[in-house]
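Q: My questions concern the predicted model and sequence given below.
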Amino acid sequence: MSSKLVIVRQENRIISAFFEGMNLVQVSLNNSEDTGILGNIYLGKVKNIVKNINAAFIEIEDGRMCYYPLAENRYPIMANEEDSGEENPALTEVKVKAGDELLIQVVKEDIKTKAPVVSSNLNFTGKYAALTYGKTTVGVSSKITDEKERKRLKNIAMQYRSREYGFILRTNAAFMPEEKIKEEIESLIAAYRDIRKFGVHKSRFSLVYKTPPNYICDIRDGYAVKVDEFITDDKVLYDNIKEYLMQYQAEDISKLKYYDDPLLRLAKLYGVHEKLEEALRSYVWLKSGGTLVIQPTEALTVIDVNTGKAVAGKKKVQETFLKVNREAAKEIARQIRLRNLSGIIIIDFIDLESPKDQELLMEELAGYLKADPIKTILVDMTALGLVEVTRKKVRKPLHEQVAEVKKHSF
């Protein structure tokens, strides 16, 4: 089955949609003006320290506050810090106080009433590796399961580890030539050193580093290996993607395609608008006649599985329940990724009497969730029969992305 990353512009938004065949698997929306701050590095100012939550609030621009957990940020890079001149300096633990200025990176966007989360542990991300300031270990993506390959990748990165930073070898690095990985690691080190040397001398609230647009990050962060084509019908987007690929991912330039058909727009060809509307609905119909009801709340997301028409006139009710639940498990994994649901997700499957059936359902759900490029964990089934899933929070869920784009359109 061919896979494509379809990138289109519709009015004031850029839609990045990943298709397997004609099936929409994942989608993200961005404002055309690129107002996102995730991954950006600023020279921020500590506004105040809140001791009872062991956190600080840091201002990154006039009036925009961010949450900064103190326990996780032991080695801040302070403004006007002098270069020690050492080739491989050790990390220095510093306690920040109100009025301090330091380099911080946005690691989580604001979600509803929650402020953005920022960190002093700067990350510089490439296609194959990420440099992690403040964490000097070398790790390998858990999605790479071949032990020999994990060891090879770790040995490559260990050659560059310092007392300031370590590395994470990303899923894309698996079985890639050593020279490609080394080349990228060296460029990440150069980027880090440049910001460390010059960023600390910028003026307060300066944007020291801006992450690439989200549609570019979609290409960098996981689609390059899996996708057969990056396709767009917008000349500006095409030129931006081409420039990025030529500079950072030359091996993928042949995958970039420009679609040019004035009679049938690319978004229409793939039904992007219709599929996006479906991804925002509360109800999802299953082929068996059952339904999913998906309800995001402030604290968590609830997914309810209903039999609907699936049991009408059926005698073997438990068999039918298992069939509907198995179908629902596959669709739920798809919907979680499609809608970019994160945090705590509670699933209320149809009650199964047989422990064997429950075990089968949990095994299948776990297998489907493993395909998600974002860390997703099947926690357990509670005594009440509710299934708990957690998914790492990175970007906003799809319904909030839509609301954000609409807000900026006025």
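A: Now that the structure is in, tell me what you want to look at.

Q: all strands for the stretch 51-200 of the chain, in order.
A: 55-61, 64-69, 77-78, 101-108, 117-119, 123-125, 129-133, 138-140, 165-169 (DSSP state E, counting those that start in this stretch).

Q: need the contact list for Val25.
A: Listed by C-beta atoms under 8 Å, 6 or more residues apart in numbering, the contact partners of Val25 are Phe18, Phe19, Arg334, Arg337, Leu338. The C-beta positions use only the backbone N, C-alpha and C, and glycine is treated the same way.

Q: hmm, 10 Å instead?
A: Taking C-beta atoms under 10 Å, 6 or more residues apart in numbering, we find Val25 in contact with Ser3, Ala17, Phe18, Phe19, Lys226, Arg334, Arg337, Leu338, Ala371, Asp372.

Q: Next SSE downstream of the strand or helix carrying it?
A: In this assignment (DSSP states H and E), Val25 forms part of strand 23-31. Once the chain leaves strand 23-31, the next helix or strand it forms, by DSSP H and E, is strand 41-50.

Q: Check which residues of that next one are buried.
A: Ile41, Tyr42, Leu43, Gly44, Lys45, Val46, Ile49 (16 or more other C-beta atoms under 10 Å).

Q: Now do the helices in the chain.
A: Applying DSSP state H to the chain gives helices spanning 147-158, 178-198, 214-218, 224-226, 235-248, 266-269, 272-278, 317-339, 355-369, 398-408.

Q: Determine which of those helices approaches Pro296 most closely.
A: helix 398-408 (6.4 Å; C-beta to C-beta).

Q: What residues sit buried inside that closest one?
A: Going by 16+ other C-beta under 10 Å, helix 398-408 has these buried residues: Leu398, Glu400, Gln401, Val402, Glu404, Val405.

Q: Any chance of the strands of the stretch 51-200 of the chain in a markdown table with mean pLDDT and mean neighbour count as columns?
A: Shown next, in a markdown table, are the strands of the stretch 51-200 of the chain (pLDDT from 0 to 100; neighbours: other C-beta atoms under 10 Å):
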| stretch | mean pLDDT | mean neighbour count |
| --- | --- | --- |
| strand 55-61 | 93 | 20 |
| strand 64-69 | 94 | 19 |
| strand 77-78 | 93 | 18 |
| strand 101-108 | 93 | 23 |
| strand 117-119 | 94 | 23 |
| strand 123-125 | 94 | 20 |
| strand 129-133 | 95 | 23 |
| strand 138-140 | 95 | 20 |
| strand 165-169 | 96 | 23 |
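
Q: Compare those and give me the one nearest Asp233.
A: strand 123-125 (28.1 Å).

Q: And the contacts of the closest one?
A: Residues outside strand 123-125 that contact it (C-beta under 10 Å, 6+ apart) are 39, 41, 105, 107, 130-135, 165, 167-168, 170, 185, 187-192, 195, 209, 211-212, 217, 220-221.

Q: State the number of residues packed around Thr390.
A: As a burial measure, Thr390 scores 15 neighbours (other C-beta atoms under 10 Å).

Q: still on that earlier bit, go through the contacts of Val25 and name the one nearest Lys268.
A: For these, the residue nearest Lys268 by C-beta to C-beta is Ala17; the value is 12.9 Å.
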